[in-house]
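Enquirer: Pasting the sequence and the predicted model now:
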Amino acid sequence: MKRIRDVSPFVLMLVLVAVLWEAATTYLNIPHYIIPKLSDVFLSLWDNRGLLAKHAGVTFGESLLGLAFSIVFGVLAAVWIEASGLAQKTLYPLIIASQSVPIIALSPIMVMWFGYEIWSKVAVVILFTFFPIAVNTADGFRSADAGIGEVLRTMGAGSRQLFLKWKLPSAWPGFFTGLKLSATYSVGGATLGEWLGGESGLGVYTKRASNMLRGDAVFSGVLLLAAMGMLMFAAAHLLGRICMAKRRERT
């Protein structure tokens, strides 16, 4: 019952938005290529379900692959920053400074380097998702309780034990915060990569539909992208809750 009460406001808000959307587009005579009726969007979703499923699978695969690379590279970068004073003074500021460069401006470079195959989309996803994982994990390492570290040292813990028993558990919350952010960003990165150059994926689908002024098809693709982003966030959130629960059981 508690979970139903928790999600009820969100569901009611979605229903209210849907009713207002359908009513406004019906009675205000808004052109379909600007905002189509919600019923037409759902009809487009159903009519093109096979094609949309194919494009959604491509975008989902690119998002997952790019996110997986970002997890590996981001965690390795955070560990290096934590382990090396030189990396703290050089790599960490460099990662922070890199965010002053608009990612959208870098994305076409990825297309030039990796062509129009899947790897250019994966590279754009990594651009979007590497930073939250690396920085939040590194900050998690730095937030480790100094008192616990002192206790472990007095008990004779070595560097490896200090990392596994003290630093690593402290980084879990930061890592999962970055993972949740990156999970949602990954869908946007894959879509942008498809816009810049691709033959399949929801980004390509919505771009082609936009060129033909098919508002219902564009919005159906956008709805799927939004659902995909929420699904990725929910999966990361659930994974984080499971891991944190197991961590509490062990302590």
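Expert: On my side now, so go ahead. In this text, all values refer to a predicted model and were calculated from it rather than measured experimentally.

Enquirer: Okay, buried residues for stretch 116-125 please.
Expert: Going by neighbour count (16 or more other Cβ atoms under 10 Å), the buried part of stretch 116-125 is Ile118, Trp119, Ser120, Lys121, Val122, Ala123, Val124, Val125. (C-beta placed from N, C-alpha, C; glycine too.)

Enquirer: what's the answer for stretch 169-185, then?
Expert: 169-171, 173-185.

Enquirer: Model confidence at Leu196, what's the number?
Expert: On the pLDDT scale, Leu196 is placed at 84.

Enquirer: quick one: it from Phe163, how far?
Expert: 40 Å (Cβ to Cβ, to the nearest Å).

Enquirer: likewise Gly74?
Expert: For Gly74 relative to Phe163 (Cβ to Cβ), the value is 17 Å.

Enquirer: For those two, indicate the residue with more neighbours.
Expert: The neighbour comparison of Gly74 against Phe163 (other Cβ atoms under 10 Å) goes to Gly74, with 27 against 17.

Enquirer: Show me what the lowest-mean-pLDDT helix or strand in the chain is packed up against.
Expert: Ranking every helix and strand in the chain by mean pLDDT, DSSP states H and E puts helix 103-114 at the bottom, with a mean of 79. If contacts are counted by 3 or more Cβ pairs under 8 Å, 6 or more residues apart in numbering; DSSP states H and E, helix 103-114 sits against helix 118-142, helix 168-196.

Enquirer: Now it: buried residues?
Expert: Buried-residue list, helix 103-114, by 16+ other Cβ under 10 Å: Ile103, Ser107, Met110, Val111, Phe114.

Enquirer: Could you dump the residues you listed into TSV and include distance to Leu239?
Expert: As requested, those are arranged in TSV below (distance: Cβ to Cβ, whole Å):
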residue	distance to Leu239
Ile103	25
Ser107	28
Met110	28
Val111	31
Phe114	29
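
Enquirer: quick check, nearest of those residues to Ser143?
Expert: Nearest to Ser143 among those: Ile103, at 26.6 Å, using Cβ to Cβ.

Enquirer: For that closest one, give me its contacts.
Expert: Val124, Leu127, Phe128, Gly189 (Cβ atoms under 8 Å, 6 or more residues apart in numbering).

Enquirer: From those residues, list the buried ones, please.
Expert: The buried subset of these - by 16+ other Cβ under 10 Å - is Val124, Leu127, Phe128, Gly189.

Enquirer: Let me know the closest of those to Gly61.
Expert: So of the buried ones among the contacts of Ile103, ranked by how close each gets to Gly61 (Cβ to Cβ), first place is Gly189, at 13.0 Å.

Enquirer: surely that closest one meets Leu127?
Expert: Yes - taking Cβ atoms under 8 Å as the definition, Gly189 is a contact partner of Leu127 at 6.5 Å.

Enquirer: returning to what we had before: looking at the buried residues of stretch 116-125, which one is closest to Ala87?
Expert: Using Cβ to Cβ, the buried residues of stretch 116-125 come closest to Ala87 at Ala123, 23.0 Å.

Enquirer: per-residue confidence for the closest one?
Expert: For Ala123, pLDDT reads 91.

Enquirer: Before I go, just wanted to say thanks for your time.
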